[in-house]
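Engineer: just the structure for this:
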Amino acid sequence: MLQATTFLNRKALYLRPDPARVIVRPFKPATEPRDLNPTDKTRANHIVDRVLALDSEAVTGQLADVLENFQGRHRNLLATFEARADVMEQALSAHGTFSTVQRQLIGAYFLHEYSFEASALFNPSIVPHPDQSDAPKGGLRFILSLRATGEGHVSSLTFRVGAIAADGSLTVDPTARLASSPRISRRVTGPEGDCIELTFNSDEELSERVIFPVTESQSNGIEDARFVEFRDGDRKTYYATYTAYSGRAIRSELIETSDFTSFRMTPLKGAAAGNKGMALFPRKIGGKYAMIARQDNENLYLIYSDDLYTWDGGEAILKPEFPWEFVQIGNCGSPIELDEGWLLLTHGVGPVRKYSIGAALLDKSDPSKVLARSREPLLRPEPSEREGYVPNVVYTCGAMRHNDQIILPYAVSDTFSNFATIKISALMQAMKN
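Structural biologist: Residues are numbered from 1 along each chain as shown. The predicted structure follows:
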């Protein structure tokens, strides 16, 4: 039996959801339950008419009251109110002209606060920070991505920054008090859906930045981003596959960035993109991009492609073999390159839908060859980790190597996150045995 206690060390660095972290989102009043006569006005028009009926003193007073209540909770509220009014320009044009204060107040009526991590903060992945200027001596700065879930089980993408010290100890920076959404700097509509470019203000802390669903395919969630630092020659790009959920259908999409300030989100094409859980290798293999994916809800496949955005075919390389994974297996993030081969962390689902984390070692030049595999989980829910939104689950969307250790952030019962470290040499020996 694989004795995880000999090489795996759980930390007590808990990242828990904080309902006080809020962003403002568009608010759309529900329509009347009965069909309205084409000449009738919608509820939105009724709200606008009521604002216009206020005298200038009342409008100014109402706006001041809104600012007093919400100014300390968000950045640039007046600009946000105006931007919301701009989006509604076509609907507002029927009402004639507005003063600036009226537009700002109307914008406020069509926004609402959303506590984006009120329910859960889970399924993390980890990559080196692109800026290592403040890294501890002999250590490393890292960026952690997390899936945040709020009201209505809508998931978004949020971040934390932390550091690994020379002795392997971990710290995570305090979270920014505010949270901000990016602006859409470009939108291109294609046959597979919208390609979106998002930009945050560079003066916002990374933990302040929240990527909320912005397309129809993502409308019910951006789920389980698997970030990886991808190298192509001297060029370094951070990619992440994630699951876009519309409320009716899922598909895999790709997010890419070089600085975690500007992001591009692109739908993936091909038969393999219709499923979740795709993970990109950190470099090309044999001149091709490579992915680990689960195409049949049960087994893990290796897929190659000349095109980063199109994924078809594939070869099944790992199938459920041991009792802790008899229901299904999947990847737990991008493969990690070691001297011995590609370390692929996996998740397995066993009796009573219990999720555990295991590992496989793939050949470095031909990852379809499985060199070793953990017969028992590396990480399984401890008694203190069994309770939560989805009980009996430990899960990760990506780990990272630093010196002789694997840094493994992992989620607990789809509720909060923690860290573990793994000694590489001991893991390799245990897997061979």
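Engineer: tell me how far residue 11 lies from residue 312.
Structural biologist: For residue 11, the distance to residue 312 equals 40 Å [CB to CB, to the nearest Å]. Glycine gets a C-beta too; all of them are placed from N, C-alpha and C.
Engineer: to clarify, my last question referred to residue 418.
Structural biologist: From residue 418 to residue 312 the distance is 37 Å (CB to CB).
Engineer: what does residue 70 give?
Structural biologist: In terms of CB to CB, residue 70 sits 49 Å off from residue 312.
Engineer: out of the two, which sits in the busier spot?
Structural biologist: residue 70 (16 against 13; other CB atoms under 10 Å).
Engineer: how about the more buried one, nearest residue that isn't a chain neighbour?
Structural biologist: For residue 70, ignoring the flanking residues on the chain, the nearest one in space by CB to CB, 6 or more residues apart in numbering is residue 77 at 6.1 Å.
Engineer: correct me if wrong: the one you found contacts residue 64.
Structural biologist: No. Assessed by CB atoms under 8 Å, residue 77 is found out of contact with residue 64, at 11.7 Å.
Engineer: the two - which one has more neighbours?
Structural biologist: Neighbour count, other CB under 10 Å: between residue 77 and residue 64, residue 77 has more, with 20 against 13.
Engineer: and the more buried one, what does it touch?
Structural biologist: 24, 66-67, 70-71 (CB atoms under 8 Å, 6 or more residues apart in numbering).
Engineer: narrow the residues you listed to just the buried residues.
Structural biologist: 24, 66, 70 (16 or more other CB atoms under 10 Å).
Engineer: report the secondary structure element holding the last one.
Structural biologist: Translated: residue 70. helix 56-70 (DSSP states H and E).
Engineer: quick check: angle from the next helix or strand after that helix to helix 56-70?
Structural biologist: Next helix or strand after helix 56-70 toward the C-terminus (DSSP H and E): helix 77-87. Put simply, helix 77-87 runs at 120 degrees to helix 56-70, going by axes from the mean of the first three to the mean of the last three CA atoms, to 10 degrees.
Engineer: any idea whether residue 44 is helix, strand or coil?
Structural biologist: Classification of residue 44 using DSSP: H, G, I helix; E, B strand; the rest coil returns helix.
Engineer: and it, what's its pLDDT?
Structural biologist: Looking at residue 44, its pLDDT is 86.
Engineer: cool, residue 3 as well?
Structural biologist: 54.
Engineer: again, but for residue 367
Structural biologist: At residue 367, the pLDDT recorded in the model is 98.
Engineer: and it, how many neighbours does it have?
Structural biologist: Neighbourhood size, residue 367 [other CB under 10 Å]: 23.
Engineer: wait, it touches residue 285, no?
Structural biologist: Yes. Assessed by CB under 8 Å, residue 367 is found in contact with residue 285 at 6.7 Å.
Engineer: so what sits against both of those two?
Structural biologist: With CB under 8 Å, 6+ apart, residue 367 and residue 285 have no common neighbours.
Engineer: low-confidence stretches in the stretch 1-150 of the chain?
Structural biologist: For the stretch 1-150 of the chain, the stretches flagged by pLDDT under 70 are 1-5, 30-41.
Engineer: number of nearby residues for the closest residue in space to residue 20 that isn't next to it in sequence?
Structural biologist: Leaving aside its chain neighbours, residue 20 sits nearest to residue 115 (7.6 Å; criterion: CB to CB, 6+ apart). The tally of other residues near residue 115 (other CB under 10 Å) stands at 17.
Engineer: which residues of this structure fall in helices?
Structural biologist: Ranges of helices in the chain, per DSSP state H, are 43-52, 56-70, 77-87, 89-92, 100-109, 424-432.
Engineer: so which bits of stretch 124-133 are buried?
Structural biologist: Buried, per 16+ other CB under 10 Å, within stretch 124-133: 124-130.
Engineer: what of stretch 61-80?
Structural biologist: 62-63, 66, 70, 73-74, 77-78, 80.
Engineer: and the residue lying farthest from the centre of the chain, its phi and psi?
Structural biologist: Taking CA atoms, centre = their mean as the measure, the residue most remote from the mean C-alpha position of the chain is residue 55, 45.4 Å away. Backbone torsions for residue 55, taken as degrees, to the nearest 10, come to phi -80, psi 170.
Engineer: before we move on, the earlier item: what angle sits between the helix holding residue 70 and helix 43-52?
Structural biologist: Using the same axes, to 10 degrees: helix 56-70 against helix 43-52 is 110 degrees.
Engineer: look up the residues forming beta bridges with the closest residue to residue 204 other than its chain neighbours.
Structural biologist: Closest residue in space to residue 204, ignoring its immediate chain neighbours: residue 180 at 5.3 Å, by CB to CB, 6+ apart. With DSSP bridges as the criterion, residue 180 is bridged to residue 209.
Engineer: count of neighbours near residue 180?
Structural biologist: 19.
Engineer: pretty sure it is touching residue 198, no?
Structural biologist: No. The pair residue 180 and residue 198 fails to qualify as a contact (CB under 8 Å) at a distance of 11.3 Å.
Engineer: quick revisit: which one of the buried ones among the contacts of residue 77 is nearest residue 272?
Structural biologist: Here the nearest of the buried ones among the contacts of residue 77 to residue 272, counting by CB to CB, is residue 24; it sits at 36.7 Å.
Engineer: so who does the closest one touch?
Structural biologist: Per CB under 8 Å, 6+ apart, neighbours of residue 24: 74, 77, 80, 111-114, 181.
Engineer: let's see that with 7 Å instead.
Structural biologist: 74, 80, 111-113 (CB atoms under 7 Å, 6 or more residues apart in numbering).
Engineer: ok, and the closest non-adjacent residue to residue 24?
Structural biologist: Closest to residue 24 by CB to CB, 6+ apart is residue 111, at 4.7 Å.
Engineer: returning to what we had before: just to check, the residue nearest to residue 204 is in contact with residue 203?
Structural biologist: No. Residue 180 lies out of contact with residue 203 (CB atoms under 7 Å); the separation is 10.3 Å.
Engineer: before we move on, the earlier item: contact partners of the helix holding residue 70?
Structural biologist: Helix 56-70 is contacted from outside by 51, 54, 77, 101-102, 104-105, 108, using CB under 7 Å, 6+ apart.
Engineer: can you flag the buried ones in those?
Structural biologist: 51, 77, 101-102, 104-105, 108.
Engineer: going by distance to residue 222, which of those wins?
Structural biologist: residue 77 (24.8 Å).
Engineer: gap between stretch 19-28 and the chain center?
Structural biologist: 18 Å (CA atoms, centre = their mean, to the nearest Å).
Engineer: using CSV, write out every CA atom in that stretch.
Structural biologist: Coordinates of each C-alpha in stretch 19-28 appear next as CSV, following Å, rounded to 0.1, in the frame of the first residue of the first chain:
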residue,chain,number,x,y,z
PRO,A,19,-19.2,36.7,1.7
ALA,A,20,-18.0,40.3,2.4
ARG,A,21,-16.2,40.3,-1.0
VAL,A,22,-18.6,41.8,-3.5
ILE,A,23,-18.7,43.1,-7.1
VAL,A,24,-21.5,45.0,-8.9
ARG,A,25,-23.2,43.2,-11.7
PRO,A,26,-25.9,44.2,-14.1
PHE,A,27,-29.4,43.9,-12.7
LYS,A,28,-32.3,43.2,-15.1
